[in-house]
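Asker: Predicted model and sequence below, questions to follow.
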2 protein chains.
Amino acid sequence: MNGFRAASLETILAAAGVTKGALYHHFGSKRGLGYAVVEERVKPLVRERYINPFSEADDPTEGLKRMGLRMEQELSKTGILLLGCPVNNLVTEMSGVDEGFRCRLAEILEEWKDTICDGLRRGQARGLVRSDVDAAAVATMYVASYQGACGFAKNAHDIEPFTACRKVLDAHLESLRPERVSGPH
Amino acid sequence: MNGFRAASLETILAAAGVTKGALYHHFGSKRGLGYAVVEERVKPLVRERYINPFSEADDPTEGLKRMGLRMEQELSKTGILLLGCPVNNLVTEMSGVDEGFRCRLAEILEEWKDTICDGLRRGQARGLVRSDVDAAAVATMYVASYQGACGFAKNAHDIEPFTACRKVLDAHLESLRPERVSGPH
DNA sequence: CGCATCATACAGACTGGTTGGTATGCACTC
DNA sequence: GAGTGCATACCAACCAGTCTGTATGATGCG
C-alpha cells in the first residue's frame, strides 16, 4: 500500500515479528531486504503463477488467455485490487532511483516476455500462430498491457477496466491465428 | 523521479524559488500542492497532448496511431523516459493511499478513455470501424496499454518496449477496420 | 493630502515526530 | 573463549507543518 520507501521499517518489523537486530544481521539494510523480496518472493510468484502455466500450455493463444484470466482472478481477491501488481508498483516507484531494483525487475519482465515470445514462436512453427506476427513485439505488448490494466483497475477501485482490457486482448489473440488455407468459409 | 511522497518540500521550494511561507499561504499543505499540480498541470497536459488531437482526428484509427506516436516522441526526449508517465506514476504511488489523488487521476483516465470511446463510436457510425467492436473496451485497453508500455520502457531504460507495443497496437487497429464489402481482394 | 488601520502575502526560524541505521550487550553454541 | 545470532537503546538526519514577524498595498477618515 505504501510502496517500498514510504514503508516504515518498524512497521515491517512488527508485522514480521522480528527485531531490527535480526533484520540488519541478515540483510544489512532496508534496501537489501527489498532486493531479497524481489528475488525470493516476487520473481518466484510471477514464475509460478503466470510464466510456468503459460509455458505448459499447448496452444500459446490459449495460454495467453488463461494468463489474463488468472491475473483477473488474482486481482478479484479481496484487497488485492487496491494493492495492485507488485511488479508494476516497484517498477514505477524504484526503477528511476535504484539500479538494484531496476535490474531485478527487468529480469522478471524480460523472462516473462521471453517466455511468451518463445511460446508464440513454437506456435508459429506448429501453425497455431500466423507466421507474419512479430512474436517478440506481441509478447512485450501483452506484458505491458496487463501491467497497465492492473494500474487502471487499481485506480478505478474496480476490476471492470481490467476485464475490458482482457476481452479486447483475447479478441486480438484470435486475429493472430492463421486463416484457414482451404475449405468453406 | 522521487514520486510525490519522497519528494522533499524543501527541494521543491528551492527548485521553484519560493519559500515555505508562500507555499503554505497558497496551498495549505503539501497535499494541496499535489492536487493543484494534477488539476492544473497534469490534466491540461494530457488533454492538450493526447485527448484533443485525437478528438480532432478525422479517422479514429489514425487518431489512435498518432496518439501512440506522440507519446513515443515525448518519451524519446532526453530524460523523460527515466521519469515515466506522470499519470502512471501518480496512479501507482497515490491511488491506494489518498482518495483526493485517486479521484483526480480517475477523472483524467476516464476523460481520456471516454474521448477515445466516442471517437470510435463516431467511426462506427461512419463505417470506419467495425460495428461489432466494443468501443468502450477498446478505449480502455488503449489507455491501459500505453500506460503499461510507458512503465515497461521506463524500467528497461529503453524506448524499444514502447515501440514494440505501439506497433502491435497499430496492427490491431487495422483489424478493427471493416472488411471491404465488395470488390476484388 | 496625510495619517491610521487593516488585510494580504509572504519570509524563515523552529518544532515534534519519524526515519534508517548503528553500537552495545547478551545468550547460546562449538 | 571465540564466534554467531540476535535484542534493544540510541542517534543524527530529515521531514511536513507551524508560528511569529514584516513588507506592502488598499481603505477610511479628517
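Answerer: Ah, there it is.

Asker: Quick check: buried residues in the longest helix along chain A?
Answerer: Of all segments of type helix in chain A, defined using DSSP state H, the longest is helix A:99-125. Neighbour-count burial for helix A:99-125 flags A:101-102, A:104-106, A:108-110, A:112-113, A:115-124 (criterion: 16 or more other CB atoms under 10 Å in any protein chain shown). All C-beta spots, glycine's among them, are computed from the backbone N, C-alpha and C.

Asker: So A:Glu107 sits against A:Val46, correct?
Answerer: No: the criterion here is CB atoms under 8 Å, and A:Glu107 misses it with A:Val46 at 10.2 Å.

Asker: who in chain A is up against DNA strand C?
Answerer: With CB under 7 Å from any atom of the strand as the criterion, chain A comes near DNA strand C at residues A:5, A:7-11, A:20-21, A:24, A:29-31.

Asker: Once you drop chain neighbours, what's closest to A:Arg47?
Answerer: Once flanking residues are discounted, A:Arg47 sits nearest to A:Glu111: 7.5 Å by CB to CB, 6 or more residues apart in numbering or on different chains.

Asker: confidence score at the one you found?
Answerer: Predicted confidence (pLDDT) for A:Glu111: 98.

Asker: for chain A, what spans make up the helices?
Answerer: Under DSSP H, chain A gives helices at A:3-6, A:9-16, A:20-26, A:30-37, A:43-46, A:52-56, A:60-76, A:80-83, A:86-94, A:99-125, A:135-156, A:160-174.

Asker: Spell out which parts of chain A neighbour DNA strand D.
Answerer: So chain A meets DNA strand D at A:18-22, A:24-26 (CB under 7 Å from any atom of the strand).

Asker: Let me know the closest of those to B:Leu83.
Answerer: Nearest to B:Leu83 among the residues of chain A next to DNA strand D, counting by CB to CB, is A:Tyr24 at 32.5 Å.

Asker: That closest one: how many residues sit nearby?
Answerer: Number of residues near A:Tyr24 (other CB atoms under 10 Å in any protein chain shown) recorded here: 14.

Asker: Next up, the contacts around it.
Answerer: For A:Tyr24, the contact set (CB atoms under 8 Å, 6 or more residues apart in numbering or on different chains) is empty.

Asker: distance of it from A:Arg31?
Answerer: According to CB to CB, to the nearest Å, A:Tyr24 stands 12 Å off from A:Arg31.

Asker: shared neighbours, these two?
Answerer: With CB under 8 Å, 6+ apart, A:Tyr24 and A:Arg31 have no common neighbours.

Asker: Run a quick neighbour tally on the closest residue to DNA strand D within chain A.
Answerer: As assessed by CB to the nearest atom of the strand, DNA strand D sits closest to A:Gly21 within chain A, at 1.8 Å. Applying other CB under 10 Å, we find 9 other residues in the vicinity of A:Gly21.

Asker: Show the pLDDT at it.
Answerer: 88.

Asker: A:Ser182 now?
Answerer: Looking at A:Ser182, its pLDDT stands at 56.

Asker: go on, A:Gln147?
Answerer: Per-residue confidence (pLDDT) for A:Gln147: 97.

Asker: Distance check, A:Leu33 against A:Ala15.
Answerer: According to CB to CB, A:Leu33 stands 13 Å off from A:Ala15.

Asker: Comparing these two, which residue is more hemmed in?
Answerer: Neighbours were tallied for A:Leu33 and for A:Ala15 using other CB under 10 Å; the higher tally belongs to A:Leu33 (18 against 9).

Asker: got the contact list for A:His157?
Answerer: A:81-82, B:102.

Asker: With pLDDT added, can I get those residues in TSV?
Answerer: As requested, those are exported to TSV (pLDDT from 0 to 100):
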residue	pLDDT
A:Leu81	95
A:Leu82	94
B:Arg102	97
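
Asker: So which of these is the closest to DNA strand C?
Answerer: A:Leu82 (20.2 Å).

Asker: what about the closest one, how many neighbours?
Answerer: Neighbour count of A:Leu82, defined by other CB under 10 Å: 16.

Asker: Nearest spatial neighbour of it, chain-adjacent residues omitted?
Answerer: Per CB to CB, 6+ apart, closest to A:Leu82 is B:Gly96, 5.5 Å.

Asker: how far away is that neighbour from B:Pro60?
Answerer: According to CB to CB, B:Gly96 and B:Pro60 sit 33 Å apart.

Asker: These two: who's more crowded?
Answerer: A count of neighbours by other CB under 10 Å puts B:Pro60 above the other of B:Gly96 and B:Pro60, at 29 against 21.

Asker: Next, count neighbours for A:Gly79.
Answerer: Neighbour number of A:Gly79 under other CB under 10 Å is 7.

Asker: Point out where chain A drops to low pLDDT.
Answerer: Applying pLDDT under 70 to chain A flags the ranges A:180-185.

Asker: what's the first-to-last distance across stretch A:7-23?
Answerer: 15 Å (CA to CA, to the nearest Å).

Asker: Buried residues in that stretch, which are they?
Answerer: Neighbour counts over stretch A:7-23 (16+ other CB under 10 Å) mark A:Leu23 as buried.

Asker: Check stretch A:24-39 too.
Answerer: By 16+ other CB under 10 Å, the buried positions in stretch A:24-39 come out as A:30, A:33-35, A:37-38.

Asker: what sits against the residue of chain A at minimum distance from chain B?
Answerer: Distances between chain A and chain B by CB to the nearest CB are smallest at A:Gly148, namely 2.5 Å. The contact partners of A:Gly148, taken as CB under 8 Å, 6+ apart, are A:165, B:88, B:143-149, B:151.
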